[in-house]
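1. Sequence and predicted model, in that order:
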Amino acid sequence: MRLREDVAVPVGDGVMLAARAWMPEVNHQVPAVVSLQPYQKDGRSRVHLPDAMHRFLARRGFASLLVDIRGTGGSPGAGGPFGPQEAEDGYRLVEWVASQPWCNGRVGMWGVSYPGITSLATAALNPPSLRAIAPVFACGDPDRDFVRVGGHEGGYWFGAEWGPRMMAYNLMPPLLRDRRGEWETTWLTRLRDSYPWVFSGYDGPDVDGRSVASPRPIDIGNITCASLHVAGWRDLFTGPALRDWAECQGPSRLIVGPWKHSFPDTDPWSPTPIADEIAGWFHRWLIDDGNLEGDVVELPVAFYVQSHADGSDIEGWYGSHTFPPSGSNTMNWRASIGGGLEPKDHARSSGGPLIEVPTTVSVGASSVVWDGWTAALDTSRAWDQRHEDNRSIMLTSEVLSSGLVLTGAPELAADLVSKGTAFFLSARLVEVLSDGRSVLITRGSISGKNEGSRPLTVVVSLDPTAYVVSPGSKLALAISTSDFPTVWPLDARRDSVYVDLSTVLLRLSVISPTDLNAHIFSGEGRAEDLADVVGTSVDSSWKVVRDLSKDTLALDVSSEEAFPLLGGGGCRIDNRYEIQASDAIGGENPRMRSRTRAEIEQADELVVVDVEVVTTMTEVTVTAKVERSGLPVLDAVWCKKRIGRSDEHTRS
């Protein structure tokens, strides 16, 4: 295998994207696989998973390229997150690779998260040479699926973590000083033109009149090449991935496992050899023309049924032609007097008792461990939800005499009355274990405007799941007025929300264990070549802090990572994120504060990048400072006023 560190790919208008290429040691043309991403091919990507995965693919006969998108890493130019320019550049990248003398003209694209999204966006333009894609933990509508999860403006993961961190990354110099000597011009131009990506998550112009457009949905229905979709039940993009798989028009497969936002082979809790599946998918479509060996009959869907019971005989991998799988049925559950939940098929009624949903903005913190971004936290433990349950309307079933296998997206329908002009409602489906602990199965939320004081019928779509509620447990539905910190901020001074319990209808997709088809996919271990890749974070800390004197709750996260650079030197990145909410009337205003500091030592000089982002109910302020060998090269402040959205949004 040969490695080319400094490949320049022309994509029009004078821009050359920076790439690294791993080439098989062969004397014939080979298919190629590319990944188009914003995470610095010469930085953390060079020493962690992307590097290992590209080597893995090259050893299996593919030319494998890792490419910085326009305006990031070593690539010049500028752009916003998930913009149409990325797909257009992806199209030209695919065709350039296909035209190289070492390529057989067949190209695939893949990636985890962002590069998975660029593979979808590129495939929607149908480059002639693109035969297959493999998006892992990706989504087809970045605005509603990530920037504003389900349409809710704000939220921790984009507003306090990813958005601010990307601002710091984009202000760093290219970490490979290219042979052409263009790295310095690229960097200084980027410093002049850089603009906070985090602003794309908020409506309205910025104080200087500029704006970053919100990402547009990808036309997934236009994708005709073969597509392998990999999703995790605990990932942020579970629902979007299943939706995208269903909408793609070409041959497709879907694999959904018990993962968060962490590549399955390197997942610390449920390692799974997905790298082999990806390589096999590309071999099939880039080498074998889509043919299967022998008499193999492939079920296009492989899904993992989760369980919190020790020794469950249902937990494991299953196959089907669809999801939910054939044999699934709808099971309706109703609220009963006294906070019960029972299976009933009668029609929804109305005019029942109105129950006030506790007005709190901090419910949800105990669910952070299940969130896709908290890959360092173990979901196999039964993290207790009772603190959240105590501040919610709880509807709980009797003890189940037999297991209940859920397959699909639960749905809550109910009539509510909001005394104000706006409302927010969150629903969590939990399993109450025999020892009293409450563990999260799935969740969803909805927000919108209220027209007068008349009851409003709402439908909350919870994230899809495959999960078995064990015999001896209870099924419970928790209804609250917040989902902290996924949706933020919510004002404690907003008006109360009341739910008509007689209208509550919980629809579950369930299946009999006898209708499940065991899958030959073992789902254990990791690809041998990736055995030593265990993640990127050197150290991290996750703290939930409750101040009883002020009735506030804060999520405090810190992480540190360090890695060497090609040619000597190194890079150290420290991240600190804090998000606060207050349940006290007239208490402290909610606030998110993020700081990322990067120190790059290279060629006898030190570059320091320091970015702070502060978000309040009314504005977002970004402060950035960059020093080079002790001398300031950037000292800038950007501010965006928040105006909110007026249309209805649903988390799904």
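-> Nice, I can see it.

2. Where do the helices of this protein begin and end?
-> Shown for the chain, the helices assigned by DSSP state H span residues 44-47, 49-59, 84-98, 114-123, 142, 156, 163-171, 183-193, 238-247, 274-286, 386-389.

3. out of those, deepest packed?
-> Greatest average neighbour count among the helices of the chain goes to helix 114-123 (a mean of 28), per mean count of other C-beta atoms under 10 Å. Quick note: C-beta positions are derived from backbone N, CA and C, even for glycine.

4. averaged over its residues, what pLDDT does that helix have?
-> Mean pLDDT, helix 114-123: 97.

5. try stretch 434-442
-> Computed over stretch 434-442, the mean pLDDT rounds to 93.

6. one step back: could I get the helices of the chain as JSON lines with distance to Arg576?
-> Compiled in JSON lines, the helices of the chain are given as follows (distance: least, C-beta to C-beta, whole Å):
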{"stretch": "helix 44-47", "distance to Arg576": "18"}
{"stretch": "helix 49-59", "distance to Arg576": "24"}
{"stretch": "helix 84-98", "distance to Arg576": "29"}
{"stretch": "helix 114-123", "distance to Arg576": "22"}
{"stretch": "helix 142", "distance to Arg576": "26"}
{"stretch": "helix 156", "distance to Arg576": "13"}
{"stretch": "helix 163-171", "distance to Arg576": "10"}
{"stretch": "helix 183-193", "distance to Arg576": "23"}
{"stretch": "helix 238-247", "distance to Arg576": "28"}
{"stretch": "helix 274-286", "distance to Arg576": "32"}
{"stretch": "helix 386-389", "distance to Arg576": "25"}
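
7. Relative to Gly181, how far out is the residue nearest the centre of the chain?
-> Centroid-nearest residue in the chain, with C-alpha atoms, centre = their mean: Leu236, separated by 4.0 Å. Separation of Leu236 from Gly181 (C-beta to C-beta, to the nearest Å) stands at 40 Å.

8. Quick check on the closest residue in space to Ile218 that isn't next to it in sequence: phi, psi?
-> Once flanking residues are discounted, Ile218 sits nearest to Gly140: 4.4 Å by C-beta to C-beta, 6 or more residues apart in numbering. Main-chain dihedrals, Gly140, degrees, to the nearest 10: phi -100, psi -10.

9. buried stuff in stretch 610-628?
-> Judged by neighbour count (16 or more other C-beta atoms under 10 Å), stretch 610-628 contains these buried residues: 610-615, 620, 622, 624-628.

10. hang on, the earlier thing: isn't the residue nearest to Ile218 up against Ile223?
-> No: applying C-beta atoms under 8 Å as the test, Gly140 and Ile223 come out as separate, 9.0 Å apart.

11. now the buried residues of stretch 610-628 as a markdown table including pLDDT and distance to Pro264?
-> Compiled in a markdown table, the buried residues of stretch 610-628 are given as follows (pLDDT from 0 to 100; distance: C-beta to C-beta, whole Å):
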| residue | pLDDT | distance to Pro264 |
| --- | --- | --- |
| Asp610 | 98 | 35 |
| Val611 | 97 | 31 |
| Glu612 | 97 | 34 |
| Val613 | 95 | 31 |
| Val614 | 94 | 36 |
| Thr615 | 90 | 33 |
| Val620 | 91 | 34 |
| Val622 | 95 | 34 |
| Ala624 | 97 | 35 |
| Lys625 | 97 | 38 |
| Val626 | 97 | 37 |
| Glu627 | 98 | 40 |
| Arg628 | 96 | 40 |
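
12. from those, which two are the most distant?
-> Farthest apart among those by C-beta to C-beta are Thr615 and Arg628. That separation is 28.7 Å.

13. Spatially, which residue comes closest to Ser401, not counting chain neighbours?
-> Nearest to Ser401 is Pro471, by C-beta to C-beta, 6+ apart, at 6.3 Å.

14. before we move on, what about Leu404?
-> Val469 (4.3 Å).

15. try Val544
-> Distances taken as C-beta to C-beta, 6+ apart place Ala365 nearest to Val544, at 5.0 Å, with adjacent residues excluded.

16. Equivalent analysis for Trp187, please.
-> Once flanking residues are discounted, Trp187 sits nearest to Pro173: 4.2 Å by C-beta to C-beta, 6+ apart.

17. and the one you found, how many neighbours does it have?
-> Counted with other C-beta atoms under 10 Å, the neighbours of Pro173 add up to 23.

18. what do you get for Val545?
-> Neighbours of Val545 using other C-beta under 10 Å come to 12.

19. ok, it touching Ala554?
-> Yes: the criterion here is C-beta under 8 Å, and Val545 meets it with Ala554 at 4.7 Å.
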